[in-house]
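Undergrad: Quick one, what's the 3D model for this:
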Amino acid sequence: MPLSQAVKDQLKAQGYTDEQIAAMETAGSTDNKKDTTKPSTITYPSVSSKTQADAKISDIFQDLLDRAPTSAELKAWRPRLIAAQKEQAAKQTYKRKGTTAEQMTVGGLDADQWLTTALSKDPVLGPEIKRLALLDPKVRQKQAAKREYDAAVKEAAGDPAKLAALQQNTAYGIDISGLIERVQSAADQAGAEIDEATLLEIANEAWETNQDQDPVLLTSFINKKIKVGPVAGQYKGEAATNYEKLLEVGIDNGINIATDPRFRGQIDGWLNQINTGTPIDNFKLQIRNAAAEGQPAFVKDLMRSGQDLRDVYGNYISRMAKFFNVDEQTIDLNDPLLKKVFTDKGGMPFNQFEAMLTKDSRLAGGEKGAKLNNRQYVIDRAVELGVELADSDVDDILNVALSLELGANAPEIDKLIRSKFNYTPGKAFGGKAGETIISLRSTAAANGISLDKQFGGQIDSWVERVMQGESLDTFKNIIRQTAKIGMPENVGKLLDEGVDLDTVYSPYKNLMASVLEINPEGIRLDDPVLRSAITSQGETSLYDWQRQLRKDPRWQYTNNAREEVSSITLDVLRDFGFQG
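TA: A predicted model of the protein is given here:
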């Protein structure tokens, strides 16, 4: 059947040759002659023009690589695409049935699929395509924004107004401007001096390494990059606050960390570590350890418990201040008299120390020492019991003892001293009272209870009764009885037997620290998440507890969570054939 000229023109526009068009006319002929021809098959390659091939290649590059192909890449891939189209041409079969001609088209190249497969197998482009396929969509979007920004910068040709506008009108420019503000704010807070070039450098690195995708990671990254140090000889911001705290600990231990050769070159490093999350107590401990060098074993043990030298020497310093009529803060912790106070086994009796003070040239005569001898037993005994006595208290006790004709070491004297005990929250006590309070506070903490809040009104009575000889366990058990309220029966029985809640919760605390990747020492017994592991209904199994913890918002920021997401992503990619 002859084809009209319009149809022929259309077929030519689609790339068919005159010979192919003639074959179509022959195959479609429907004259009245008897059909004796066999079915014919004609190959029609659908070949793209240069423009069509370039457009197709550009589309696939954009989809797979988030960019347009270079001129060299177009030049390389255009002939390969056209060759594949010719090789995998469509086949059209013509079959005549009576006066009807049937046409069937088979095959033909799927250009999109062929380019996708060929580019993915390319030794240069394939790895990049695989890397981009694994990237977070937000990261790919960021990279695309950066390419758009770079292109806009190139187009701006150095025009200051256009370049400034890019900071406000492009996604990348807005991101970098925001990061610069974050870095500057962190530097100001930490007390770090930072110039514009360093600001931009840190912001760019944070953006390029995708630290800005996680607020927690971003804060940690910035703090590690900024450097704290004195400006014009002074620290600023949090660096100044932390420096003052370290300086005070040094003073309370007889050390000037600013001039002491053991610390002089380390302060900036300490402050930077504190800014990146290292507890300041780590460095306070280093100062105490240095101060403990050369001290008797008794003093070292006290300092290991967190006491400073000024606390250890406290009662002796008070006596020196009264004898010499000076402020306690003016007494040097390295005073030769204080160096004689302690041995490995303990401290010098106060009467012996005061006798030593009377011989010191600073006392100008020593008459005060003699006047205090009659009071010394009461003072020494009060220190042993941990009862702080004012001079008027000592006078009261001595007057009562005199009226009752009591000897200095009569048992009733202890009772008079104990009656002067007055517990004050937050105040450090020595002697028997101090030991009792420390033990009670430790038991309360091990059961998630604030000793001061829940038993503040009873502590005076408890301490006095312990000093009289009553067992400390009596009052520890009272604390545990309070802690077991709301606990299941089996946990309550453990508390009755002297086990603390801290021990009961220990497996849950350790698992919580492991799953959420936090320090177990930082998990308090009053933590609502930890307490949810055991309720009045019973204890949660460790397996269910682990599953419950993975629902905590903090879990998604752990390394375990990220590894699990990465593993799932990899499995999905393997299922779709993108991974070997």
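
Undergrad: so where do the helices sit in the stretch 151-300 of the chain?
TA: Using DSSP state H, counting those that start in this stretch, the helices of the stretch 151-300 of the chain run over 160-169, 171-190, 196-208, 215-225, 237-251, 267-275, 281-292, 297-304.

Undergrad: next one: the stretch 401-550 of the chain
TA: 411-418, 431-445, 451-455, 459-468, 473-483, 489-496, 501-516, 528-531, 542-549.

Undergrad: Report all helices and strands that the third one contacts.
TA: With contacts taken as 3 or more C-beta pairs under 8 Å, 6 or more residues apart in numbering; DSSP states H and E, helix 451-455 sits against helix 431-445, helix 459-468, helix 473-483. (Glycine included, C-beta is placed from N, CA and C.)

Undergrad: What is the distance between that helix and the centre of its chain?
TA: Centre-to-centre, helix 451-455 and its host chain are 32 Å apart (C-alpha atoms, centre = their mean, to the nearest Å).

Undergrad: What lies in contact with it?
TA: For helix 451-455, contacts defined as C-beta atoms under 8 Å, 6 or more residues apart in numbering pick out Pro425, Gly426, Leu440, Arg441, Ala444, Ala445, Ile449, Ile459, Trp462, Ile478, Ile479, Thr482.

Undergrad: Can you select the buried ones from those in PyMOL?
TA: Buried members of the contacts of helix 451-455 can be picked out in PyMOL with the line below, counting by 16 or more other C-beta atoms under 10 Å:
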select buried, resi 440+441+444+445+449+459+462+479
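
Undergrad: Could you single out the nearest of the contacts of helix 451-455 to Ile222?
TA: Ile222 lies nearest to Ala445 out of the contacts of helix 451-455, by C-beta to C-beta, at 35.2 Å.

Undergrad: which ones are touching that closest one?
TA: Applying C-beta under 8 Å, 6+ apart, we find Ala445 in contact with Leu451, Asp502, Leu525.

Undergrad: And these, which is closest to Thr116?
TA: For the contacts of Ala445, the nearest to Thr116 is Leu525 (58.2 Å; C-beta to C-beta).

Undergrad: What about the closest one, how many residues nearby?
TA: Residues near Leu525, counting by other C-beta atoms under 10 Å, number 19.

Undergrad: Pretty sure it sits against Asp502.
TA: Yes. Leu525 is within contact range of Asp502, at 6.1 Å (criterion: C-beta atoms under 8 Å).

Undergrad: any shared contact partners between the two?
TA: Ala445, Ala446, Asn447, Gly448.

Undergrad: In this structure the third one contacts Arg480, no?
TA: Same thing as Asn447. Yes. Contact between Asn447 and Arg480 holds when scored by C-beta under 8 Å: they sit 6.0 Å apart.

Undergrad: Only the buried residues of stretch 272-283, if you could.
TA: By 16+ other C-beta under 10 Å, the buried positions in stretch 272-283 come out as Asn272, Gln273, Ile274, Asn275, Thr276, Ile280, Phe283.

Undergrad: Tell me how far Pro69 lies from Arg531.
TA: Separation of Pro69 from Arg531 (C-beta to C-beta, to the nearest Å): 60 Å.

Undergrad: Pick out whichever of these two has more residues nearby.
TA: Pro69 (20 against 16).

Undergrad: and which of the contacts of helix 451-455 is nearest to Asp268?
TA: For those, the minimum distance to Asp268 (C-beta to C-beta) is 33.1 Å, reached by Gly426.

Undergrad: Disregarding flanking residues, what is the spatial nearest neighbour of the closest one?
TA: Nearest-residue entry for Gly426: Asp452, 7.9 Å, with adjacent residues in sequence omitted and distances by C-beta to C-beta, 6 or more residues apart in numbering.

Undergrad: Make a markdown table out of the helices and strands packed on helix 451-455 and add mean pLDDT.
TA: Converted to a markdown table, the helices and strands packed on helix 451-455 look like this (pLDDT from 0 to 100):
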| stretch | mean pLDDT |
| --- | --- |
| helix 431-445 | 86 |
| helix 459-468 | 85 |
| helix 473-483 | 87 |
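
Undergrad: Put together JSON lines for those, with distance to Ala382 on each row.
TA: As requested, those are exported to JSON lines (distance: least, C-beta to C-beta, whole Å):
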{"stretch": "helix 431-445", "distance to Ala382": "8"}
{"stretch": "helix 459-468", "distance to Ala382": "11"}
{"stretch": "helix 473-483", "distance to Ala382": "22"}
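
Undergrad: The residue sitting nearest the centre point of the chain and Ile176: what is the separation?
TA: By C-alpha atoms, centre = their mean, the chain has its centre lying nearest to Val216, at 6.6 Å. Distance, Val216 to Ile176, by C-beta to C-beta: 20 Å.

Undergrad: For Val394, see how far away Leu163 is.
TA: Counting by C-beta to C-beta, the separation of Leu163 from Val394 is 80 Å.

Undergrad: Which one of these two is surrounded by more residues?
TA: Each of Leu163 and Val394 has its neighbours counted (other C-beta under 10 Å); Val394 has more, 18 against 14.

Undergrad: Show me what the helix or strand containing that one is packed against.
TA: Element membership for Val394 (DSSP states H and E) is helix 391-403. The contact analysis (3+ C-beta pairs under 8 Å, 6+ apart) places helix 391-403 against helix 376-385, helix 411-418.

Undergrad: which one of those helices is the most hemmed in?
TA: Comparing these by mean neighbour count (mean count of other C-beta atoms under 10 Å), helix 376-385 ranks first with a mean of 20.

Undergrad: Can I get it as PDB, trimmed to CA atoms?
TA: Extracted in PDB, the C-alpha atoms of helix 376-385 (Å, rounded to 0.1, in the frame of the first residue of the first chain):
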ATOM      1  CA  GLN A 376      41.700  21.200 126.500                       C
ATOM      2  CA  TYR A 377      40.000  18.000 127.400                       C
ATOM      3  CA  VAL A 378      36.600  19.300 126.400                       C
ATOM      4  CA  ILE A 379      37.900  20.700 123.200                       C
ATOM      5  CA  ASP A 380      39.800  17.500 122.200                       C
ATOM      6  CA  ARG A 381      36.800  15.300 123.100                       C
ATOM      7  CA  ALA A 382      34.500  17.500 121.100                       C
ATOM      8  CA  VAL A 383      36.700  17.100 118.000                       C
ATOM      9  CA  GLU A 384      36.800  13.300 118.500                       C
ATOM     10  CA  LEU A 385      33.000  13.300 118.600                       C
END
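
Undergrad: Neighbours of Gly457, how many?
TA: 9.

Undergrad: quick one: it from Arg480, how far?
TA: As judged by C-beta to C-beta, Gly457 and Arg480 stand 19 Å apart.

Undergrad: Could you list the single helix or strand in the chain with the lowest mean pLDDT?
TA: Least confident helix or strand of the chain, by mean pLDDT, DSSP states H and E, is helix 367-372 with a mean of 39.

Undergrad: how much space between the nearest residue to Asn422 once chain neighbours are set aside and Arg418?
TA: Residue nearest to Asn422 in three dimensions, not counting chain neighbours: Asp460, with 6.8 Å by C-beta to C-beta, 6+ apart. Asp460 sits at a distance of 10 Å from Arg418 (criterion: C-beta to C-beta).
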